[in-house]
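# Next one to model:
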Amino acid sequence: MAAISVIPGDGIGPEVVESALGLVDAFGLGLDVDVLDHVGADRYRREGVALGEADLARVAASGAVLLGAIGRPDLEHTGYVRDVLLELRYAFDLYANYRPVRLWHDRLSPLRDPARRALDCVIVRENTEGLYSGIGGNLRASSDHEVAVDADVNTRHGVSRILDFAFATARREVCLVDKANAVRAGGRLWQECWRRAAERHPGAATRHLYVDAAAMKLVTEPERFDVIVASNSHGDILSDLAAALAGGIGLAPSASLNPESGFGMFEPVHGSAPDIAGRGVANPFACLLTAALLLRHLGHDTEAAATEAAVAGSIAAGRTTPDLGGTLSTREATRAVLAAL
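Residues are numbered from 1 along each chain as shown. Okay, the predicted model is just below:
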């Protein structure tokens, strides 16, 4: 059985995955890697399928999957991205999206006040329900009276388990973010499950914010947050806001997990970035930090911590790609981290 299955994907995905695999190899852990480099946009255009049953079987035979990026502009209005990302989420029930956000160096923050820059939190996002569930449709399509409906799906089972995961992740506090004052049915369910989850986890402090207030507080008081738990769409938006406060999505790792089965999908947040693909300037740090999450998931805590320290050291020394103010290429920035190790 391969320890890691790898889907490099599209755009800058193969470039940053190359960096991550170089990092994993440098530790000499003897992890078997199964690379599915045929899964991607080219295959989808040829065959109408991107991720087949045989591919899912190969992924299932591993302990985790590392994904580079999925997406290409010419396929934006097709089901391509959903066919890969959502297929993986649903096939392995990866209901917990885990996005740690940390300001790695003070100079990267867009905030003026140094006292407000210390951001070190986790956004826990429900990953299989909500507005992204794909339930809905159009009535009288393309007419002046067209009606479009997307259902915001929330189940007691799904909400309860993501709240329990958030409490299990917390160091000091869990902050529930919702819009229960306006979205009444789903809001009532989240609020009821929230009260019960807090009773099951009396050791953690709790806080509740509506999503608009949470967006404001992330900018004005980012240092106050520990764990934010939110629905699929709210968590998606807040995690990108938080990433911007920590230096940009070029530093943003993520993991989609099933805590019960132990399986996880690990991917940098930045997407395929087609505008810079092939130019050798993509920031590899998000994928390296994602690899650190993967290594920690597989039980290699020391190597994960060493990776994070090496990335922090490279940033502090200015050995970065242009998006972080440096002049290095993707491979040069990777070599800087490996040298720091």
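# Give me the residue at the spatial middle of this structure.
What sits nearest the mean C-alpha location of the chain, by CA atoms, centre = their mean, is residue 254, with 3.0 Å.
# so who does that one touch?
Going by CB atoms under 8 Å, 6 or more residues apart in numbering, residue 254 touches 97-99, 239, 266-269, 290, 293. All C-beta atoms are positioned from the backbone trio N, CA, C, and that covers glycine.
# can you put those in a markdown table and add distance to residue 54, neighbour count and secondary structure?
Output for the contacts of residue 254, formatted as a markdown table (distance: CB to CB, whole Å; neighbours: other CB atoms under 10 Å; DSSP: H, G, I helix; E, B strand; the rest coil):
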| residue | distance to residue 54 | neighbour count | secondary structure |
| --- | --- | --- | --- |
| 97 | 26 | 24 | strand |
| 98 | 28 | 24 | strand |
| 99 | 30 | 24 | strand |
| 239 | 32 | 25 | helix |
| 266 | 22 | 26 | strand |
| 267 | 21 | 28 | coil |
| 268 | 26 | 30 | coil |
| 269 | 28 | 20 | coil |
| 290 | 25 | 25 | helix |
| 293 | 27 | 24 | helix |
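# Of those residues, which pair is most distant in space?
239 and 266 (14.9 Å; CB to CB).
# So residue 334 versus residue 340, what's the distance?
11 Å (CB to CB, to the nearest Å).
# and if you look at residue 256?
Distance check for residue 256 against residue 340: by CB to CB, it reads 28 Å.
# who's more crowded, the two?
residue 256 (25 against 17; other CB atoms under 10 Å).
# hang on, that one in a strand?
Yes. Residue state for residue 256 (DSSP: H, G, I helix; E, B strand; the rest coil) corresponds to a strand.
# so it touches residue 125, yeah?
No. At 9.0 Å, residue 256 does not count as touching residue 125 under the criterion of CB atoms under 8 Å.
# overlap in contacts of those two?
Taking CB under 8 Å, 6+ apart as the criterion, residue 256 and residue 125 both touch 96-97.
# before we move on, the earlier item: can you put the contacts of residue 254 in TSV and add pLDDT and distance to residue 107?
Listed next are the contacts of residue 254 as TSV, based on pLDDT from 0 to 100; distance: CB to CB, whole Å:
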residue	pLDDT	distance to residue 107
97	98	29
98	98	27
99	98	22
239	97	22
266	98	27
267	97	27
268	97	21
269	95	21
290	98	23
293	98	24
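# Of the residues you listed, which is the nearest to residue 20?
The closest of the contacts of residue 254 to residue 20 turns out to be residue 290 (CB to CB; 6.8 Å).
# OK, contacts around the residue nearest to that closest one when sequence neighbours are not counted?
Of all residues not flanking residue 290 in the chain, residue 253 sits nearest, at 3.9 Å (CB to CB, 6 or more residues apart in numbering). Applying CB under 8 Å, 6+ apart to residue 253 gives the contacts 99-100, 266, 268-269, 286-287, 289-290, 292-293.
# Kindly recompute the last result at 6 Å.
Residue 253 makes contact with 286, 289-290, 293 under the criterion CB atoms under 6 Å, 6 or more residues apart in numbering.
# Surely residue 152 is in contact with residue 133?
No. Between residue 152 and residue 133 there is no contact, the gap being 8.1 Å when judged by CB atoms under 6 Å.
# and residue 334, how far is that from residue 37?
For residue 334, the distance to residue 37 - CB to CB - is 19 Å.
# More neighbours: which of those two?
Higher neighbour count among residue 334 and residue 37: residue 334, with 25 against 14, using other CB under 10 Å.
# can you tell me which helix or strand the more buried one belongs to?
helix 330-340 (DSSP states H and E).
# what helices or strands is that helix leaning on?
helix 13-26, helix 301-316 (3 or more CB pairs under 6 Å, 6 or more residues apart in numbering; DSSP states H and E).
# hmm, who's touching the last one?
The one in question is helix 301-316. For helix 301-316, contacts defined as CB under 6 Å, 6+ apart pick out 27, 104-105, 285, 288, 292, 295-296, 336-337, 340-341.
# what comes up buried for it?
303-304, 306-308, 310-315 (16 or more other CB atoms under 10 Å).
# Next, format the residues you listed as JSON lines and append pLDDT and distance to residue 111.
What follows is those, written out as JSON lines (pLDDT from 0 to 100; distance: CB to CB, whole Å):
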{"residue": "303", "pLDDT": "97", "distance to residue 111": "32"}
{"residue": "304", "pLDDT": "98", "distance to residue 111": "28"}
{"residue": "306", "pLDDT": "98", "distance to residue 111": "29"}
{"residue": "307", "pLDDT": "98", "distance to residue 111": "26"}
{"residue": "308", "pLDDT": "98", "distance to residue 111": "22"}
{"residue": "310", "pLDDT": "98", "distance to residue 111": "26"}
{"residue": "311", "pLDDT": "98", "distance to residue 111": "21"}
{"residue": "312", "pLDDT": "97", "distance to residue 111": "19"}
{"residue": "313", "pLDDT": "97", "distance to residue 111": "23"}
{"residue": "314", "pLDDT": "97", "distance to residue 111": "22"}
{"residue": "315", "pLDDT": "97", "distance to residue 111": "17"}
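# I am finished for the moment; much appreciated.
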